[in-house]
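**Q** Following is a predicted model, sequence given first.
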Amino acid sequence: MDPMIRGYRESDFRSVVALERENSPGDCKPEVFIRQAGVLFADTFLVAERDGRVVGYTIGALVQHRPATGWIVRLVVAEGYRRRGLGGDLVAAVTGSLRERGAGEIYLSVAPGNRVARALYERHGFRETDFCPGYFGEGGDRHILRSDLAGREDLICPD
């Protein structure tokens, strides 16, 4: 049975925190991040569930300017479910959700060494628009990828 993708629920909190903890570096406080994301991104926080267990999630964000810009803030797939198409299903679901809410373009950041994630995003139409050294601070370099839903191009590295 394929995983079902649906909206995040409060009852998913512990499972999503556990996935985030397994996939976050260092001293991250996943409880704070997930709790806030559940409120701030309620319409674009999606989980993948299989047999009653959360096996992945994605969080999208919508910035309201014209046209609206979407961001894939987070995408996590449980270790045993990787390379089975679930990441692609989550990318398609969050992209569709952001598009439905008016996004004309969608951005995301990916670590330079994360070739698997980058290949996944490229299969879904994302292309590099920028490289930002220190995007997340010292050692937090990121490639910025963009999917054009409305024909607009921006570079978005902070000054």
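**A** Good, I have the coordinates.
**Q** C-alpha coordinates for stretch 118-128, PDB please?
**A** This file holds the C-alpha atoms of stretch 118-128, laid out as PDB (Å, rounded to 0.1, in the frame of the first residue of the first chain):
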ATOM      1  CA  ARG A 118      19.100  18.100  -5.700                       C
ATOM      2  CA  ALA A 119      18.500  15.400  -8.300                       C
ATOM      3  CA  LEU A 120      15.000  14.900  -6.900                       C
ATOM      4  CA  TYR A 121      14.200  18.600  -7.100                       C
ATOM      5  CA  GLU A 122      15.600  18.900 -10.600                       C
ATOM      6  CA  ARG A 123      13.400  16.100 -11.800                       C
ATOM      7  CA  HIS A 124      10.500  18.300 -10.600                       C
ATOM      8  CA  GLY A 125      11.500  21.300 -12.600                       C
ATOM      9  CA  PHE A 126      13.700  23.100 -10.100                       C
ATOM     10  CA  ARG A 127      16.800  24.900 -11.400                       C
ATOM     11  CA  GLU A 128      19.600  26.600  -9.600                       C
END
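**Q** Could you tell me which helix of this protein is the longest one?
**A** The single longest helix within the chain, with elements called by DSSP state H, is helix 86-100.
**Q** Next SSE downstream of that one?
**A** Moving toward the C-terminus from helix 86-100, the next helix or strand (DSSP states H and E) is strand 103-110.
**Q** Name the residues that touch the helix or strand just after that following strand?
**A** For strand 103-110, the succeeding helix or strand toward the C-terminus, using DSSP H and E, is helix 115-123. With contacts defined as Cβ atoms under 8 Å, 6 or more residues apart in numbering, helix 115-123 is touched by 75, 82-83, 87-88, 91, 108, 110-111, 143, 145. No exception for glycine: its C-beta is placed from N, CA and C like everyone else's.
**Q** out of those, which are buried?
**A** 75, 87, 91, 108, 110-111, 143, 145 (16 or more other Cβ atoms under 10 Å).
**Q** can you redo those residues as JSON lines with distance to residue 45 and pLDDT?
**A** Listed next are the buried ones among the contacts of helix 115-123 as JSON lines, based on distance: Cβ to Cβ, whole Å; pLDDT from 0 to 100:
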{"residue": "75", "distance to residue 45": "12", "pLDDT": "96"}
{"residue": "87", "distance to residue 45": "16", "pLDDT": "94"}
{"residue": "91", "distance to residue 45": "14", "pLDDT": "96"}
{"residue": "108", "distance to residue 45": "15", "pLDDT": "96"}
{"residue": "110", "distance to residue 45": "20", "pLDDT": "96"}
{"residue": "111", "distance to residue 45": "22", "pLDDT": "93"}
{"residue": "143", "distance to residue 45": "24", "pLDDT": "95"}
{"residue": "145", "distance to residue 45": "20", "pLDDT": "96"}
